[in-house]
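Sequence first, then the predicted structure:
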Amino acid sequence: MVRRLEFDNAFIFRYSQRRGTPAAEADGQLPEQVKEERNQILLGLVGEIARRKNDALVGSRRQVLCEGPSKTNKRRLTGRTSENKIVIFDGDAERLAGELFDVEIERSTGFTLYGTACE
């Protein structure tokens, strides 16, 4: 299903039993090792799809809503495309936060795009 639908991103967690629920007492529980293996396969597949789709955006111009300083590097800004893709770029947070403008996408690292604001 993930291959066919090609999710850009997914919040994936392996199943864990919850006391007091019918599922916790159900027969045929999978071993933890099997759950972890399946979780890693799914994470890898979603990551592969995201990288391929984001790599295809390199060289394009995307409209971005600037959210403000990046959480991981306060000297850079972060924003999102209309497809909810994260874009990191340089600029003045006081002037650009909350604004819509184009960003030239220059590179991709998995789930994050990097570019230059076209002001």
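The structure has been received and is ready for your questions. Residues are numbered from 1 along each chain as shown.

helices and strands around the helix or strand hosting Leu45, which ones?
For Leu45, the host element (DSSP states H and E) is helix 32-55. Packing partners of helix 32-55 (3 or more CB pairs under 8 Å, 6 or more residues apart in numbering; DSSP states H and E): helix 2-5, strand 100-109. The way it works is simple: take the backbone N, C-alpha and C, and place the C-beta from them, glycine included.

Let's verify the residue of the chain most remote from its centre: helix, strand, or coil?
Computed with CA atoms, centre = their mean, the residue of the chain farthest from its C-alpha average is Asp27, at 35.4 Å. With DSSP: H, G, I helix; E, B strand; the rest coil as the basis, Asp27 sits in coil.

Quick check: the closest residue in space to Phe13 that isn't next to it in sequence vs Arg61, distance?
Once flanking residues are discounted, Phe13 sits nearest to Asn39: 7.4 Å by CB to CB, 6 or more residues apart in numbering. Distance, Asn39 to Arg61, using CB to CB, to the nearest Å: 36 Å.

Run through who's touching the helix or strand of the chain with the lowest mean pLDDT.
The helix or strand of the chain with the poorest confidence is helix 22-25; it has a mean of 80 (mean pLDDT, DSSP states H and E). Contacts to helix 22-25, defined as CB atoms under 8 Å, 6 or more residues apart in numbering, come from residues Gln17, Arg18.
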